[in-house]
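Novice: build me a structure from this.
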Amino acid sequence: MKSLTALIALFFTFCSICFSQKSILWYNQPAEKWEEALPVGNGRLGAMVFGKTSMERIQLNEDSMWSGFDGEWEIAKGRRKDLDQVRAYLRAGENEKADSLWVGAFSRKGITRSHQTLGDLWLDFEFKEITDYKRSLDLNTALATSTFKTEGYSVNQSIISSAPDNAIFIKLSTDHPNGFVGKIRLSRPDDEGFATATSSTVGKNTLEMSGMATQRKGQIDSKPYPILEGVKFRTLIFADTDEETIITGSDFLELKGTKEVILKLVTETSFYDKNYQVGAERDLEAIKGKSWDEALANHSEEYSEWFDRMKLSLGNPSVAEVPTDVRIENVKAGETDLYLEKLLFDYGRYLLISSSRPGTNPANLQGIWNEHINAPWNADYHLNINLQMNYWPADVTNLSKLNQPLFDFIDGAIYKGQEVAQKNFDMPGTYLPHATDLWQVPFMRAATAYWGGWVGAGGWMARHYWDHYLFTRDERFLKDRAFPAIAAVAAFYSAWLVEYPGENTLVSAPSTSPENQFINEKGESVATTMGAAMDQQIIADVFTSFLEAARILDSESRLRNKIKEQLGQLRPGVQIGEDGRILEWDQPYEETEKGHRHMSHLYAFHPGSAITQNETPEAFEAVRKTLNYRLENGGAGPGWSRAWLINFSARLLDGEMAHEHIQKLLTQSIFINLLDGHPPFQIDGNFGYTAGVAEMLIQSNEAGIIRLLPALPKAWSKGEVKGIKARGNITVDMAWENGEVTYLSLLPEASQTITLFYNGSETTIMLKKGEKFGFEFD
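Specialist: Numbers count the residues shown, from 1 in each chain. You can find the predicted model right below:
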């Protein structure tokens, strides 16, 4: 008996270790609110799983569920003469007038047109005497489960959102003698009291919900504008179970004692398919005959092709089976939890795989997960850091192909932005606003100049095209997609520049620093100036990448010659003030908000690469002083701002600083389901964290240089990473002990010479395409 007890104990200890070594979020109680539910998604179709034992809610999402339609709104009425007047006001020191005219002429001001929830799937079961409850999300398999006992009998729920089958599958099973008893329903929230969908049964075991996204609280020009049209959809759910244990009602399916049922849910929308109603039927017919095991195998195989491209381990594997919410509370109490830090890193990759796939829309402010009709910030696309941050981890964590939705979307925005450039400003090229939506509207949307009166969005997006090329060395991508996009943005900036008063330099005007203001000489809190730091840094960045791309592609043009000349005339975007900080504007103005969450004037440092310790040591130190000043004045808000600080700290080669901000993110900005709390939920912080951790492990932003463990904190003295990427299309595997690399493998997809920094030394290496280079210390 003793030996049997010992064997059982050993078995459970082994299972506990296995469970804790995997990347699994898990809890001992159901979700009581949306911010506790667990997300699943296939890039387009997603759900938030609550895991309730009674009245289970599975909140549904689809990435094209938006109100409005393409071409619904026209661009602003401003013309070149208005721009000339704005610039005249700035030269005269009339910043307030410039702010007012800039917004009045060129912005459609406050806008409400939102991504929306698809609706809810309700499982109206009533279980009693609940024990042994556990729910989990396995990031290795993208499988959400909940298990518990009712009156001593087991109940199991498993959910996947499958990309290969374009569907959500839900397996319900129990050994309770009464089986599952209750209704299955679909619903969607009303829009200000008006129905947005209808539900009905459409044949045996099949339930339908169809409707349209409307927005009765819509607005444009900061005025009410009810939106009564939008994307149409059809959702079908089929209950695969014995016919004698299910009743088909008028608008529900009712289970009457089944021990196992597989729910198969599909959705199509008018955005993707004009014949979406037929499309939904086609999707359902394709999976009706599939078993759960077959669907799960297809899903797991396809998902693992993405997730398994990279693996990270920090410290010794955790052996304590501790629920995720308890781990967060322990960190708040002062503990350091390397498993939780690794888990959150993996979660960022999981969320990107689940919300951005080739052929879908890009991940928005909430990825694809949104329970609202009127979502915070419209759950749209903000281009003044948020959309960019969503995709920071894509290349470095070996998920490069997940960039495709971003480039597809921005290609469309670039095309539409030509109208603004030409009609509003009488200039070539393209203009991108600081925020847009599914319909890629190109006009400025801001009721105030400081919030959205910014011209840098196009340049920041151009940086992403260029970085993707640097990571992949894909010259076809450079020629066919990146260079045309960068050239369109560069052409606009080339025409946009004007002379700075009293100097023979070129600046952007009007120019703002998102989303901050300064005190001008009159004592007014204003936004617009001539040549704010971020604009100057971005334009220099775009011009530099344009010229380099043109060189690689051997593309001669008048624009190339002009930009080469203009680059030398640009007023520096990195100017150091008397106090050693980098100026945010063209002059050392006092900030209206000294601890502002945006750190826009450090763009040249990150995500740019113009400021480095080797090449610009004075500016490198000025970055630290600038960040310290922000922090001393209450800066670095929660969410994405804190995540950006992790990235900044890593670029400063300061592992302890980076790890300090990791702890603050965990204790101040993370819901128990590990989603980023701005608050409310905003997914960019998750992606920014993952990118920041990668930046702590490897840096390749300096031409021809790779730094290994450049910002390793003492807490991460031991670890291993496989499949992380460096620019130059180099796959890196490495392990380290006591803070020093003990094993290294570099696999380049292009021949090149690099300088490798590791273990306090540097060495120059000639890499040959397809040949591994590496070493291992005893």
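
Novice: rest of the way, CA atoms for contacts and neighbours
Specialist: Noted.

Novice: where does this structure have low pLDDT?
Specialist: Applying pLDDT under 70 to the chain picks out residues 1-21, 317-320, 778.

Novice: again, only using 50
Specialist: Residue ranges of the chain with pLDDT under 50: 1-20.

Novice: spatially central residue in it, please.
Specialist: Asn390 (2.3 Å; CA atoms, centre = their mean).

Novice: tell me the helix or strand right after the host helix or strand of Gly211.
Specialist: If you go by DSSP states H and E, Gly211 is part of strand 206-212. In the C-terminal direction, the helix or strand that comes right after strand 206-212 (DSSP H and E) is strand 219-220.

Novice: that following strand: what's the following helix or strand?
Specialist: Next element after strand 219-220 (DSSP H and E): strand 223-224.

Novice: chain center to that following strand: distance?
Specialist: Put simply, strand 223-224 sits 30 Å off its chain's centre (CA atoms, centre = their mean, to the nearest Å).

Novice: which outside residues touch it?
Specialist: Applying CA atoms under 8 Å, 6 or more residues apart in numbering, the set of residues contacting strand 223-224 from outside is 110, 217-218.

Novice: about what we covered before: the residue nearest to the centre of the chain touches Gly688, doesn't it?
Specialist: Yes. Counting by CA atoms under 8 Å, Asn390 does reach Gly688; the two are 6.8 Å apart.

Novice: which residue ranges form the strands in the stretch 601-750 of the chain?
Specialist: All strands of the stretch 601-750 of the chain, identified by DSSP state E, counting those that start in this stretch, fall at 698-699, 705-708, 719-726, 730-737, 740-748.

Novice: show me how far the helix or strand following the last one is from its chain's centre.
Specialist: What that stands for is strand 740-748. Sequence-wise, the next helix or strand downstream of strand 740-748 (DSSP H and E) is strand 752-758. Remark: strand 752-758 is offset 30 Å from the chain centroid, using CA atoms, centre = their mean.

Novice: what helices and strands are in contact with strand 752-758?
Specialist: strand 705-708, strand 761-767 (3 or more CA pairs under 8 Å, 6 or more residues apart in numbering; DSSP states H and E).

Novice: figure out which of the strands of the stretch 601-750 of the chain is closest to Asp120.
Specialist: Of all the strands of the stretch 601-750 of the chain, strand 719-726 sits nearest to Asp120, with 37.7 Å by CA to CA.

Novice: tell me what the closest one is packed against?
Specialist: Applying 3+ CA pairs under 8 Å, 6+ apart, we find strand 719-726 packed against strand 311-314, helix 392-396, strand 730-737.

Novice: from these, which stretch is densest packed?
Specialist: Of all these, helix 392-396 has the most neighbours on average by mean count of other CA atoms under 10 Å, namely a mean of 25.

Novice: what ranges do the helices span in the stretch 201-350 of the chain?
Specialist: Using DSSP state H, counting those that start in this stretch, the helices found in the stretch 201-350 of the chain span residues 276-287, 292-307, 324-332, 338-355.

Novice: now those helices in CSV, with distance to Tyr225?
Specialist: Shown next, in CSV, are those (distance: least, CA to CA, whole Å):
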stretch, distance to Tyr225
helix 276-287, 27
helix 292-307, 42
helix 324-332, 42
helix 338-355, 30
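
Novice: check the gap between Thr201 and Glu208 for me.
Specialist: Per CA to CA, to the nearest Å, Thr201 is found 6 Å from Glu208.

Novice: neighbour count: the two, which is higher?
Specialist: Glu208 (24 against 20; other CA atoms under 10 Å).

Novice: which residues does the more buried one bridge with?
Specialist: On the basis of DSSP bridges, Glu208 is bridged to Ser200, Leu236.

Novice: now do the contacts for the residue lying closest to Lys232 once chain neighbours are set aside.
Specialist: Residue nearest to Lys232 in three dimensions, not counting chain neighbours: Met212, with 4.2 Å by CA to CA, 6 or more residues apart in numbering. Met212 is in contact with 196-197, 229-233, counting by CA under 8 Å, 6+ apart.
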